[in-house]
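A.B. asks: Return a 3D structure for these sequence lines:
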Amino acid sequence: ERFVCMRCRCEVPRDGYVGVIENALSPVKACEEAVAEVQAELRAQGFGAMNDAVNDTVNESVVATLPPVEIRGDSSQTFTFVPSHFKMVVTTLLKNSCVATLRHHQRLGSGGGGGGEG
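C.D. replies: Numbers count the residues shown, from 1 in each chain. Next comes the predicted model:
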């Protein structure tokens, strides 16, 4: 903590942070933000479209809706962590999971991720 404090003295202090470390990171809120970001990114790449669009990312035709993502937890629970690191890990896991789910359902011919978006 001392190193972080010394290293970040040139930055404007932010409430709830010691350098880049957030003192009260809510994993539920961070996951909700990551879900919105991942779904927007996948839509922009052609996932979630209701037509046959060739997707450069996966090199296959995608006819699917984005799989629903359910986040369970208490949003009032927090822990101390680096938010950018947490977000990177969660975003990567979510994106990989969504793409794998879409591919699986496409192979099965159901054309969807098991429901609607959300």
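A.B. asks: what helix or strand does Leu102 sit in?
C.D. replies: helix 83-108 (DSSP states H and E).
A.B. asks: Which strands or helices does that helix pack on?
C.D. replies: strand 21-25, helix 27-44, strand 60-62 (3 or more Cβ pairs under 8 Å, 6 or more residues apart in numbering; DSSP states H and E). Quick note: C-beta positions are derived from backbone N, CA and C, even for glycine.
A.B. asks: per-stretch mean pLDDT over these, give me the minimum one.
C.D. replies: Of all these, mean pLDDT reaches its minimum on strand 60-62 (a mean of 43).
A.B. asks: Quick check: what element follows that one along the chain?
C.D. replies: Taking DSSP H and E, what comes next after strand 60-62 is strand 79-81.
A.B. asks: which parts of the helix holding Leu102 are buried?
C.D. replies: By 16 or more other Cβ atoms under 10 Å, the buried positions in helix 83-108 come out as Phe86, Lys87, Val90, Thr91, Leu94, Lys95, Cys98, Val99, Thr101, Leu102, His105, Gln106.
A.B. asks: ok, and the closest non-adjacent residue to the first one?
C.D. replies: Looking back up the chat, that one is Phe86. Ala30 (5.7 Å; Cβ to Cβ, 6 or more residues apart in numbering).
A.B. asks: circling back: how about CSV for the helices and strands packed on helix 83-108, with distance to Gly73 and mean neighbour count added?
C.D. replies: Output for the helices and strands packed on helix 83-108, formatted as CSV (distance: least, Cβ to Cβ, whole Å; neighbours: other Cβ atoms under 10 Å):
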stretch, distance to Gly73, mean neighbour count
strand 21-25, 12, 16
helix 27-44, 4, 17
strand 60-62, 30, 16
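A.B. asks: Quick one, which of these gets closest to Pro68.
C.D. replies: Each of the helices and strands packed on helix 83-108 has some distance to Pro68 by Cβ to Cβ; the shortest is helix 27-44, at 9.6 Å.
A.B. asks: what packs against the closest one?
C.D. replies: helix 83-108.
A.B. asks: Please state the mean pLDDT value computed over the helix it packs on.
C.D. replies: pLDDT averaged over helix 83-108 gives 93.
A.B. asks: what angle do that helix and helix 27-44 make?
C.D. replies: Using axes from the mean of the first three to the mean of the last three Cα atoms, to 10 degrees, the direction of helix 83-108 lies 50 degrees away from that of helix 27-44.
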